[in-house]
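> This is the structure alone, sequence omitted:
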């Protein structure tokens, strides 16, 4: 081809075809002209062998200092960065230019390849079917997922079978804890229909970091009991050595990229609720498993059979309901119905919820809260639990510790701020408490929020009497309906009538 140099591959082809054909035919089949073929016949070396070594085009700016100053520096501090060496040389030799940075980096790289320390080697492994499953957590904050317009601070628990590539992901709202690991791991095992012979984790370092020795030992024994329940041998990679978990560390990035792409195609990272987001993640993971379906089906027979029942994936503790109408657990205050004041409740603590029991009786399920990032206590408040008591003491609302968390929707908080601006404190508190009572007793929280929002837009204050009339009737004023039960003899008469008709 005119304008292009003959490369080694073309030369080898030419020599191959030249064994049987003449120069013209061999040159045509190799892709260059006959004239070039006759020229190459004079020297049959490869083009790369004809190139003369490239000589330096300018004086070496590091010739005077590399062996005498830079090499001793590299020997004394093997991990020093080239840019730090450059700064030191500029300090010692002000006449040296910063333009030598790339030259210095290449010289240091070449020197380390010949005289540097031995580097760590990664050994690729053969993964036997049914042998190894891996668990790890990955932070999802960078994706900017929101639920109801609020940023969702969450992680993903990620499980993967090393041989077939089966994956399972579970949205975690808290940190890397035993509860999150137990729930996510069991969900994964029951989804694939079996358990591997070995389970590897990253030592639950985040869960152990702030615990004393007894607490760490307790978590270790619980983790080992979980693996024993499923017949798995628990193993852990060395701390800070990510490539020992390489069969899942790399899929972390692939999964996060898949979720990021799906969010872009969805054109929105906002979800109506947590259930919708979890369904979204499950769908993406199921697509990836569908691509590995044949390998997953081939590995399933090698997995161990699952036990009849799951083991516990929660922490259990006892709490005391105080006179404040709730209890504090893990630096979070939760409200419960006031009739439970003075009782001890048994709490099952999951990653995203609390299940409350009084003795053996299940009471309710509460959303799990988290303490603030600055160490302040968190609050999970249901205004329905305290509204009857707050109605008797409306002024308590003014300086209530959890006042902002008491309001079920943001529009209620804005309404209270406007009431405090335009009315005396006692009147404002009483009006707001009556509005919350109305929302609770008439079961019109959402509808009332819409009306309050319209009043805010119109710069008007709420009228309690008008709102009570609008959301009538009052359950206390409903008429009593008396039902007169029919006598059983009337049914006997009907049966006798049917008998006569058949006769």
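Perfect, I can see it now. These figures come from a predicted structure and were not determined experimentally.

> Run through who's touching stretch 263-277.
143, 144, 145, 146, 147, 148, 149, 152, 171, 173, 280, 352 (C-beta atoms under 8 Å, 6 or more residues apart in numbering). To be clear about C-beta, it is placed using only N, CA and C from the backbone, and glycine gets the same treatment.

> In those, find the pair that's most separated.
144 and 352 (20.3 Å; C-beta to C-beta).

> Can you classify residue 105 as helix, strand or coil?
Put simply, residue 105 is helix when judged by DSSP: H, G, I helix; E, B strand; the rest coil.

> That one: what's it in contact with?
residue 82.

> same question, residue 170
156, 157, 180, 183, 184, 187, 188, 278.

> from those residues, which ones fall inside helices?
Counting by DSSP state H, the contacts of residue 170 place 180, 183, 184, 187, 188, 278 in helices.

> Just put these in CSV and tack on distance to residue 164, neighbour count and pLDDT.
Formatted as CSV, the ones in helices among the contacts of residue 170 follow (distance: C-beta to C-beta, whole Å; neighbours: other C-beta atoms under 10 Å; pLDDT from 0 to 100):
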residue, distance to residue 164, neighbour count, pLDDT
180, 24, 26, 87
183, 23, 21, 89
184, 19, 23, 90
187, 18, 17, 92
188, 13, 22, 92
278, 24, 15, 92
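
> TSV for those, including distance to residue 125?
Formatted as TSV, the ones in helices among the contacts of residue 170 follow (distance: C-beta to C-beta, whole Å):
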residue	distance to residue 125
180	27
183	29
184	24
187	26
188	21
278	32
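
> Which of these sits closest to residue 53?
Distances from residue 53 to the ones in helices among the contacts of residue 170, taken by C-beta to C-beta, are shortest for residue 188, at 58.4 Å.

> Quick check: the gap between that closest one and residue 431.
Per C-beta to C-beta, to the nearest Å, residue 188 is found 52 Å from residue 431.

> that older thread, residue 144 and residue 352: which is more packed in?
Shown here are residue 144 and residue 352; by other C-beta atoms under 10 Å, residue 352 has more neighbours (16 against 12).

> so who does residue 299 touch?
Contacts of residue 299 (C-beta under 8 Å, 6+ apart): 129, 130, 161, 163, 164, 166.

> give me that answer again for 7 Å
129, 130, 161, 163, 164 (C-beta atoms under 7 Å, 6 or more residues apart in numbering).

> Kindly report the same for residue 6.
By C-beta under 7 Å, 6+ apart, the neighbours of residue 6 are 32, 36, 47.

> pLDDT on whichever strand or helix holds the second one, on average?
Using DSSP states H and E, residue 36 sits within helix 34-41. Averaged across helix 34-41, the pLDDT comes to 91.

> Same question for stretch 358-367.
Mean predicted confidence for stretch 358-367 is 91.

> Any buried residues in that stretch, and which?
363, 366 (16 or more other C-beta atoms under 10 Å).
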